[in-house]
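Provided below for reference: sequence and predicted model.
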Amino acid sequence: TVSTDAVVYGLGSVISPHCLADNVQWIGGPNVLMPIVNAAQSPSTLAMALRLIRESVHRHSPNLEMLQAGGGYRILGLLLRQKRIMDARVLDQCFAFAVHGYVPGSTEEQKDSKQTNPVSKNSGTKGTGSSEANLPPIWAFSERWVFSDLDAMKYLLLNHQVWDLRGSGPELPLRLLSFLNGLVAAHSAHAAFNSRRLHLLGIIRWTLHLMLEATELYSAGCAAAASQAKMTTGAGNSRSGPPPSPAEELRFSASAPSAAGLSALNNGWFVQSPSMSTTSVGGDPGNPLLLSCKTLLRRVLTYMLTPADLEAIAGAAIYTVSITGGPALSTNDDSTQLNYPEQREDQEEDEKLSPGPVAPGFFFFLFLENVFD
């Protein structure tokens with residue numbers, strides 16, 4: 001028999017489904033999803049957990065307010081800091097929290113990045129090439145990106161404790177810099193708006209700090225590579241000749257690379273030393289990370305420049321001179337290191353600059369460009 005206790009007329013429904021964001025709101029907000037992030041054991045699962053939280057706040061004002069007011073971004077930053085399993089997928093999800101219009105892993109972006117100097121090829125292992133080859137890539141549809149969430153940018157992206165440079169290579173900061181340059185690129189319709197909001201968060205001092213830390217890592221990596229080359233040469237000479245004396249063994253042990261230098265070298269913090277003759281006249285030293293930082297500072301300061309910014313740039317330049325001062329590297333052997341006047345012109349062509357002395361040039365030219373503007 002069929003029950004006839006009720007009769008439904010029109011477009012009646014027994015169940016009214018809710019979207020994911022509404023369901024998350026009724027069970028306590030997006031903060032209840034934090035244990036999923038804490039349970040992630042790989043970069044892929046961590047990126048999926050971040051995407052789940054991002055979808056719960058996408059175009060949902062109540063959940064977004066809960067995430068911002070309830071300290072959700074601070075908790076996410078703390079969890080990411082503890083995980084230490086970040087990669088490009090995690091970075092893409094964090095950037096999507098802060099920027100409206102960016103879709104992580106879209107086919108259009110991957111295609112455009114391959115056509116316009118992808119970041120993966122600018123990993124810092126090649127220091128030669130023209131300045132155009134080292135420019136940041138132009139991401140597809142970046143002209144419509146809008147920097148919408150200051151808390152996400154502050155606690156997830158502009159957080160040096162989350163993205164530890166010493167434990168990773170230059171690929172992740174290069175990718176982040178390419179995203180930030182896309183926000184303030186000349187073709188962006190919201191470049192002025194994005195620049196002012198980035199300046200409000202202290203992007204100038206953040207970028208200067210990144211340049212200083214990267215310079216120290218590049219210097220340590222190059223010093224470790226030079227020490228390894230000397231030790232290899234010394235070991236080859238000792239095998240082909242008489243046994244080394246105790247003084248020579250002590251000199252070889254003193255020239256051994258440090259643990260910090262070996263760690264930086266193994267993580268990819270190494271660039272080919274540029275020529276002093278070309279760099280001294282304003283040529284491109286071939287360091288894509290420092291060039292991306294300079295490009296970002298130049299674009300942001302075009303729309304927002306204060307005396308404090310010039311003071312910070314000048315202070316960073318003075319600091320790099322004090323910590324990176326030292327002799328230039330040379331490709332000549334020990335027999336050609338004498339300072340005879342007739343030999344100086346021949347040595348100028350072979351002299352190379354280590355990454356340390358290159359950094360003040362970036363700050364100097366950046367300071368002059370903004371002063372002239």
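Sure, I can see it.

For the rest of this, base every contact and every neighbour count on C-alpha atoms.
Fine.

isn't residue 85 right next to residue 43, touching?
Yes: Residue 85 is within contact range of residue 43, at 5.6 Å (criterion: Cα atoms under 8 Å).

Strands of the stretch 1-150 of the chain, start to end?
For the stretch 1-150 of the chain, applying DSSP state E, counting those that start in this stretch gives strands covering 99-100, 146-147.

what's the closest residue to residue 50 other than its chain neighbours in contact with, if anything?
Ranked by Cα to Cα, 6 or more residues apart in numbering and with sequence neighbours excluded, the top spatial neighbour of residue 50 is residue 93, at 6.4 Å. Contacts for residue 93 (Cα atoms under 8 Å, 6 or more residues apart in numbering) come out as 47, 50, 51, 54, 104.

one more time with 7 Å, if that's ok
47, 50, 51, 104 (Cα atoms under 7 Å, 6 or more residues apart in numbering).

Show me the shaky parts of the stretch 201-350 of the chain.
For the stretch 201-350 of the chain, the stretches flagged by pLDDT under 70 are 233-257, 275-284, 323-350.

before we move on, back to that, could the strands of the stretch 1-150 of the chain go into TSV alongside mean neighbour count?
Shown next, in TSV, are those (neighbours: other Cα atoms under 10 Å):
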stretch	mean neighbour count
strand 99-100	18
strand 146-147	24
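
Now mean pLDDT too, for those strands, in CSV please.
Shown next, in CSV, are these (pLDDT from 0 to 100):
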stretch, mean pLDDT
strand 99-100, 94
strand 146-147, 96
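
Including distance to residue 266, could the ones you listed go into a markdown table?
Below are those laid out as a markdown table (distance: least, Cα to Cα, whole Å):
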| stretch | distance to residue 266 |
| --- | --- |
| strand 99-100 | 33 |
| strand 146-147 | 35 |
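
quick one: which of those strands is nearest residue 261?
Set against residue 261 and scored by Cα to Cα, these come closest in strand 99-100, at 35.9 Å.

So what are the sheet partners of that closest one and their directions?
Sheet pairing of strand 99-100 (DSSP bridges) gives strand 146-147 (antiparallel).

tell me which strands and helices the helix or strand following the partner strand is in contact with?
Counting by DSSP states H and E, the next helix or strand C-terminal to strand 146-147 is helix 150-152. Counting contacts by 3 or more Cα pairs under 7 Å, 6 or more residues apart in numbering; DSSP states H and E, helix 150-152 packs against helix 88-98.
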